[in-house]
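just need the structure, nothing else, for what follows:
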Amino acid sequence: MKIAQLFRNYFVRNGIGLGTFLLVAVFFWVVVLIILPQLSMLDFSFRHHLPPPEMGGPKDTYTLEHYKYLVLGAPGADTSYNVVDLGVFGRTLLAAFFVTILDLVLCYPLAYYLGQSKGGGFIRVLVLLLIIPYWINEILRAFAFRIIFGDSGLINEMLMTMGLIDSPIDFIRANVALYAGLGYAYILLMIFPIYNVIESLDRNQIEAARDMGAPWWRIHWRVVIPYAKPGISSGCTMVFMLTAGALAAPQILGGPSSLWFTQIIYQWFNQGGNWPRGAAFAIVLLVSCIIIVLTMMKLFKVRIGDIGK
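I've put the predicted structure just below:
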């Protein structure tokens, strides 16, 4: 009865035409574009790697060999576990966590300033300046960062002109360009969720804390950050998931020793032609990211419903 009443109120509020369209659109988005592809990928991950003529035949059964390969490596290997792939997997998650914290530290002050400013033309111009660079293709932005951080790039030229260094710094090999590019790529996904929440914060709460003699750091720790937790959680979730799943930036900006786990997945899918193994690696990355996000939400006492606020 409650579900029927819910749908009745929904159609009364939105109308038959618009309400039906929204339901179909949401169903198509969630089921067709998200759930079914992931289920197909999951099914692939448990299949043997077979030539096309043998697919669907008696040899096409379920197996755990691809997951075993990720953990144990190839049969007969010198090590007892897959040192290379597991090492890349761990470094990818740690790097995604680092980029998420970096974006949060950089974006929180800016989001607070935007949210608590009284508006006006300057704020609109500032928001526009944040958005305009994203009109450029992601690949072009990554190559721009590679040029800027290159041996003869802008940063090295400036440092050498100022006499701070005698020879160029290899920012590519040191992964500085990679982390800068990844942090920049998803910075808006951190700023705007926090900005949207802080914008609704009553300034009187901040003024009351100031009148009581609270220092600025305590005002943020006790008043602003607890209120902005939904926006912070939403931004951190999106940045972490997208950074861990990034491919273009690691391919272009990564140094010789900065292999990303998504690059291994890409190699299995395209160069190795082993779709089941690539699917298994992709499922492991997806599930691991979801577990990490849910664990952090549990630790910081943030509910899933809070993210959508």
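
so for the chain, the centremost residue is which one?
Central residue check for the chain by Cα atoms, centre = their mean: the C-alpha nearest the mean position is that of Leu242, 2.3 Å away.

excluding chain neighbours, what is closest to that one?
Using Cβ to Cβ, 6 or more residues apart in numbering and skipping the chain neighbours, the partner closest in space to Leu242 is Tyr186 (5.3 Å). For every residue, glycine as well, the C-beta is placed using N, CA and C.

pretty sure that neighbour sits against Asp103.
Yes: with contact defined as Cβ atoms under 8 Å, Tyr186 counts as touching Asp103 (6.5 Å).

higher neighbour count, those two?
Neighbour comparison, Tyr186 and Asp103: the larger count goes to Asp103, with 26 against 22 (by other Cβ atoms under 10 Å).

ok, the residue nearest to Leu242 - contacts?
99, 103, 238-239, 242-243 (Cβ atoms under 8 Å, 6 or more residues apart in numbering).

likewise for Leu33?
Per Cβ under 8 Å, 6+ apart, neighbours of Leu33: none.

hang on, the earlier thing: state the distance from the residue nearest to Leu242 to Tyr266.
19 Å (Cβ to Cβ, to the nearest Å).

can you tell me the helix or strand for Arg8?
Assessed by DSSP states H and E, Arg8 sits inside helix 2-14.

show me what that helix is packed against.
helix 16-27 (3 or more Cβ pairs under 8 Å, 6 or more residues apart in numbering; DSSP states H and E).

following the helix it packs on, which helix or strand shows up next?
helix 36-45.

name the residues that touch that following helix?
Under Cβ under 8 Å, 6+ apart, the answer for helix 36-45 is 66-67, 275-276, 279-280, 282-283, 286.

export these to TSV and tack on distance to Gly254, neighbour count and secondary structure?
Shown next, in TSV, are the contacts of helix 36-45 (distance: Cβ to Cβ, whole Å; neighbours: other Cβ atoms under 10 Å; DSSP: H, G, I helix; E, B strand; the rest coil):
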residue	distance to Gly254	neighbour count	secondary structure
His66	25	23	helix
Tyr67	26	16	helix
Trp275	24	16	helix
Pro276	26	20	helix
Ala279	23	22	helix
Ala280	23	27	helix
Ala282	19	23	helix
Ile283	23	19	helix
Leu286	21	16	helix
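
looking at those, spot the one nearest Ser258.
The nearest member of the contacts of helix 36-45 to Ser258, counting by Cβ to Cβ, is Ala282 at 19.7 Å.

re earlier: make TSV out of the contacts of Tyr186 and add pLDDT, distance to Ala4 and secondary structure.
Listed next are the contacts of Tyr186 as TSV, based on pLDDT from 0 to 100; distance: Cβ to Cβ, whole Å; DSSP: H, G, I helix; E, B strand; the rest coil:
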residue	pLDDT	distance to Ala4	secondary structure
Val99	95	46	helix
Asp103	95	44	helix
Met238	93	35	helix
Val239	95	40	helix
Leu242	94	39	helix
Thr243	95	43	helix
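
for the stretch 1-150 of the chain, give me the ranges with low pLDDT.
The model of the stretch 1-150 of the chain has pLDDT under 70 over residues 1, 119-120.

sorry, slip of the keys, the one I care about is the stretch 201-309 of the chain.
305-309.

ok so, going back, so what sits against both of Tyr186 and Asp103?
Val239.

re the thing from before, now what about the helix holding Arg8, what contacts it?
19, 22.

chain center to that helix, what's the gap?
Here helix 2-14 is found 35 Å from its chain centre; the criterion is Cα atoms, centre = their mean, to the nearest Å.

what's the answer for stretch 194-207, then?
26 Å.

go on, stretch 243-259?
Distance, centroid of stretch 243-259 to centroid of chain: 14 Å (Cα atoms, centre = their mean).

same question for stretch 17-31.
With Cα atoms, centre = their mean, you get 26 Å for stretch 17-31.

put the alpha carbons of it into CSV.
Once non-C-alpha atoms are left out, stretch 17-31 reads as follows in CSV (Å, rounded to 0.1, in the frame of the first residue of the first chain):
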residue,chain,number,x,y,z
GLY,A,17,3.7,11.9,-19.3
LEU,A,18,6.7,13.4,-17.4
GLY,A,19,6.5,10.9,-14.6
THR,A,20,6.6,7.9,-17.0
PHE,A,21,9.5,9.5,-19.0
LEU,A,22,11.5,9.9,-15.8
LEU,A,23,10.9,6.4,-14.7
VAL,A,24,11.9,4.9,-18.0
ALA,A,25,15.0,7.2,-18.2
VAL,A,26,16.1,6.1,-14.7
PHE,A,27,15.4,2.5,-15.4
PHE,A,28,17.4,2.6,-18.7
TRP,A,29,20.3,4.4,-17.0
VAL,A,30,20.5,2.1,-13.9
VAL,A,31,19.6,-1.2,-15.4
